[in-house]
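Asker: Generate coordinates for the sequence data below:
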Amino acid sequence: MPPTSREVRRPGAGRLGLLDPAADENLELLGWANAESVDVLWALSRAADPDWTLRALIRLREAVGDDWTEVDALIRADTTFRGRLFGLLGASDALGDHMISRPATWRLLTDTAPLRSRDDLIAAMLATVDAVKVPGRADDDLLYRAAVTGGEAIARLRDGYRDLIMILAARDLAELVENEPTLPYPIVGAHLADLADAALTAALAVAVATVYPDSEPQGRLAVVAMGKCGARELNYVSDVDVIFVAEPADGPSARLAGEMMRIGSAAFFDVDAALRPEGKAGSLTRTLESHVAYYKRWAKTWEFQAMLKARPQTGDMALGYEYLAALSPMVWEAAEREDFVQDVQEMRRRVEENIAPALRDRELKLGRGGLRDVEFAVQLLQLVHGRTDETLRERSTVDALEALTAGGYVGRDDGANFTASYEFLRLLEHRLQLRRMERTHLLPRPTTRRRGDGSRGRRTCGPTATATPPGCCAPNSSGSPRGCGGCTPSCSTGRCWTRSPASTPRP
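Answerer: Okay, here's the model as predicted:
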C-alpha cells in the first residue's frame, strides 16, 4: 500500500514497479528522487507500464525544453492532468510519440471541458485545412472547399486527427492512474465515430479542392457510414466502411468519391467502399434509384444484414436520409426470404473458418465466443423480430441488446451477460490497439505479453484462454453477481466493472 502523507520516505524503484536499471537516474533527472515527490511516484507506479512512462517523460522533458517547469508543476498539483499524462504515456507508445513530436500538444490534456460534440469536431477538422462552405449548398449539405491540397493537406489532417484522438485517449486512460470518472465504452465508441465523421468531412473538403480547382462542384454526393462507424461503436483503429449515393452518378462524382477515400486513407484510417452493390466490381457511385433497384432484385441476405448499421455520415445529408428511407423497409422484409436463418448462420461459419487455426484461441473479434458471435446473434434476432417491433431497430449492438431484453426476446440474465462480455471484449480490443495505434484483435501470446496492456483497473476477471466471454459478473435473477472459474474472488462480491461504473465500485 502507498505510504500515508505523514511518511516522508521515498519508495524505491522496485516498490514502484520500475525494472529499468536506469530508473533511479531518470528519477533524478526529473527531480523526483525525493520525499516531496512521493505522490507523483505512487501515481507513476499505477501507470500501465511504469518503466515506459518514465522513459517517455524523460523524452517529453527534452522536447518541451523550458516548458518542463510548468509541466512538472502541473504533474505535482493537478491530479487530473497527471492521470491523463501518465495514463496516455503508459498505455500508448504511438500517442506518446505523437505528443513528443509535437511538444505543444501536452497542453491539450489540461482542458477540463466536456468532450466535443460532433459539430465541434467537424469544425475543428475543417479548420486544419482552412475549409469554407461551397456556395449555394443547403445547411445540411456538408460540402466544403479546403484552402490546401496535396501532401500539406494530408499532413495537417493527420496531425489534427491525432490531436483529437489523443485528447479522447487521455481521458479514457486516466482512470488507470487517478480517480477521473471512467468513460463508458458506448461513449468512447460514439465519440470515435463522430471524429471519423469530422475527419471524412475534412477529407471531402480537400477532395473538392483537388477535383474542382477552378470551378464549383455540381450535383449531389452523400456518404453513408456502414459497419461499426455507422452504428457509432467504432474502435480506436479500424477501417471505415462507406457507401456513396450520387445525383447524378457520373464520372465527376466517382472522382470526388475516390479522391475522398484516397485522402482519408492516407491521413486517418482505411476508407473501404466494398459493401456497395456488386462490391469492388460495382460502380463507386450510384444514384438512389440504382441502389433501390439493386436491393430489390439482387441483394443477398448479408447485404440487408449490413444495412442495419447504415447512417448518413457527411456530404449531402438530405440525400443520405432519402437513401435510408428508401432501403430501410426492405431490410425489415429480409427475414421473409427463403433460407434466411441458414444464410446468416452460414456467413458466421465462413468468417470463423477463415481464421488461421493457430490464431483462433486469441481472436477477440472473429473467434468462437468473440465479438462477432454476439453481433451475429443480436442482428439475427433484430431482423426476425424487427419486422413487427420497431423498438428493435437500433444500430448499436449494446442498444439493440437492451431493446431485445426489454422486449422479452432475450432473457434478463442472458442480456446482461451478453452486454457485460461484449463491452469487456471491446474494451480489451481498444487497449490492445492503443499501444501502437495498430489494427489488431489478437490477444498477445503469454511469452510476449507486456505488462502495459492498459487493461488493468477495470475488471478483476477476463476471458478464458479461448477468449470466450465469461459473463460471470452480470447479475442473476436475485440481483447478485454470478461467479465463474475465470474470475478472482472479488467478482463474487460484486466488485467487477459493469455498464454502470458510476454505481458499481471498482476493484
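Asker: mind listing the helices for the stretch 151-300 of the chain?
Answerer: With DSSP state H, counting those that start in this stretch as the criterion, the stretch 151-300 of the chain has helices at 185-211, 227-230, 251-267, 288-297.
Asker: Let me know which of the ones you listed is the nearest to Met166.
Answerer: Of all those, it is helix 185-211 that lies closest to Met166, at 11.3 Å by CB to CB. No exception for glycine: its C-beta is placed from N, CA and C like everyone else's.
Asker: what's the model's confidence in that closest one, averaged?
Answerer: For helix 185-211, the mean per-residue pLDDT is 97.
Asker: In that helix, which residues are buried?
Answerer: 185-186, 188-211 (16 or more other CB atoms under 10 Å).
Asker: Ok, stretch 336-352 next?
Answerer: If you call a residue buried by 16+ other CB under 10 Å, then stretch 336-352 has these buried ones: 340, 343-344, 348, 351.
Asker: Figure out how far it is from the centre of its chain.
Answerer: From the chain centre to the centre of stretch 336-352 is a distance of 28 Å (CA atoms, centre = their mean, to the nearest Å).
Asker: quick one: contacts of that stretch?
Answerer: 300-302, 305, 334, 360, 366-368, 372-373, 376, 379-380, 383-384, 387 (CB atoms under 8 Å, 6 or more residues apart in numbering).
Asker: if we can go back for a sec, closest to Pro50 among the buried residues of stretch 336-352?
Answerer: Nearest to Pro50 among the buried residues of stretch 336-352 is Val351, at 38.8 Å by CB to CB.
Asker: follow-up on the earlier one: got JSON lines for the buried residues of stretch 336-352, with pLDDT and secondary structure too?
Answerer: Below are those laid out as JSON lines (pLDDT from 0 to 100; DSSP: H, G, I helix; E, B strand; the rest coil):
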{"residue": "Phe340", "pLDDT": "85", "secondary structure": "helix"}
{"residue": "Asp343", "pLDDT": "83", "secondary structure": "helix"}
{"residue": "Val344", "pLDDT": "83", "secondary structure": "helix"}
{"residue": "Arg348", "pLDDT": "78", "secondary structure": "helix"}
{"residue": "Val351", "pLDDT": "74", "secondary structure": "helix"}
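Asker: Point out where the stretch 351-500 of the chain drops to low pLDDT.
Answerer: Along the stretch 351-500 of the chain, the parts satisfying pLDDT under 70 run over 447-500.
Asker: in it, which spans are strands?
Answerer: Counting by DSSP state E, counting those that start in this stretch, the stretch 351-500 of the chain forms no strands at all.
Asker: So which residues of it form helices?
Answerer: 371-385, 397-406, 412-436.
Asker: Counting by contacts, list what the first one packs against.
Answerer: The helices and strands touching helix 371-385, judged by 3 or more CB pairs under 8 Å, 6 or more residues apart in numbering; DSSP states H and E, are helix 301-306, helix 340-353, helix 397-406, helix 412-436.
Asker: got the buried residues for the first one?
Answerer: Neighbour-count burial for helix 301-306 flags 301, 303-306 (criterion: 16+ other CB under 10 Å).
Asker: which among those gets closest to Met317?
Answerer: For the buried residues of helix 301-306, the nearest to Met317 is Ala306 (20.4 Å; CB to CB).
Asker: residues contacting the closest one?
Answerer: When contacts are counted by CB under 8 Å, 6+ apart, Ala306 is found next to 226-227, 275.
Asker: now do Asp239
Answerer: With contacts defined as CB under 8 Å, 6+ apart, Asp239 is in contact with 269-272, 439.
Asker: buried subset of those residues?
Answerer: Taking 16+ other CB under 10 Å as the criterion, what is buried in the contacts of Asp239 is 269, 271-272.
Asker: burial count for Ser117?
Answerer: Residue neighbour count, defined by other CB atoms under 10 Å, stands at 11 for Ser117.
Asker: I'd like the distance between the residue lying closest to it once chain neighbours are set aside and Met99.
Answerer: Nearest non-adjacent residue to Ser117, counting by CB to CB, 6 or more residues apart in numbering: Asp194, 7.5 Å away. Plainly put, Asp194 is 22 Å away from Met99 if you go by CB to CB, to the nearest Å.
Asker: rewinding a little: of all the helices and strands packed on helix 371-385, which one comes closest to Leu57?
Answerer: Across the helices and strands packed on helix 371-385, closest to Leu57 is helix 412-436 (CB to CB), at 17.5 Å.
Asker: Give me the residue at the spatial middle of this protein.
Answerer: Asn235 (2.5 Å; CA atoms, centre = their mean).
Asker: isn't that residue right next to Gln433, touching?
Answerer: Yes - shown here, Asn235 and Gln433 form a contact pair, counting by CB atoms under 8 Å, at 6.1 Å.
Asker: before we move on, back to that, and the buried residues of helix 301-306 as a markdown table, adding pLDDT and distance to Leu288?
Answerer: Shown next, in a markdown table, are the buried residues of helix 301-306 (pLDDT from 0 to 100; distance: CB to CB, whole Å):
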| residue | pLDDT | distance to Leu288 |
| --- | --- | --- |
| Thr301 | 91 | 22 |
| Glu303 | 94 | 16 |
| Phe304 | 94 | 17 |
| Gln305 | 93 | 21 |
| Ala306 | 95 | 18 |
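Asker: Take those and lay them out in a markdown table including distance to Gly83.
Answerer: Listed next are these as a markdown table, based on distance: CB to CB, whole Å:
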| residue | distance to Gly83 |
| --- | --- |
| Thr301 | 47 |
| Glu303 | 45 |
| Phe304 | 45 |
| Gln305 | 41 |
| Ala306 | 39 |
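Asker: from those, which is closest to Leu16?
Answerer: Closest to Leu16 out of these is Ala306 (49.0 Å), distances taken as CB to CB.
Asker: returning to that earlier point: please name whichever of the helices of the stretch 151-300 of the chain is nearest to Glu429.
Answerer: Closest among the helices of the stretch 151-300 of the chain, using CB to CB: helix 185-211, at 9.9 Å.
Asker: Report the angle between that closest one and helix 397-406.
Answerer: Angle of helix 185-211 versus helix 397-406, following axes from the mean of the first three to the mean of the last three CA atoms, to 10 degrees, is 140 degrees.
Asker: before we move on, back to that, redo the contacts of Ala306 as CSV? Include pLDDT.
Answerer: Listed next are these as CSV, based on pLDDT from 0 to 100:
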residue, pLDDT
Met226, 98
Gly227, 96
Leu275, 96
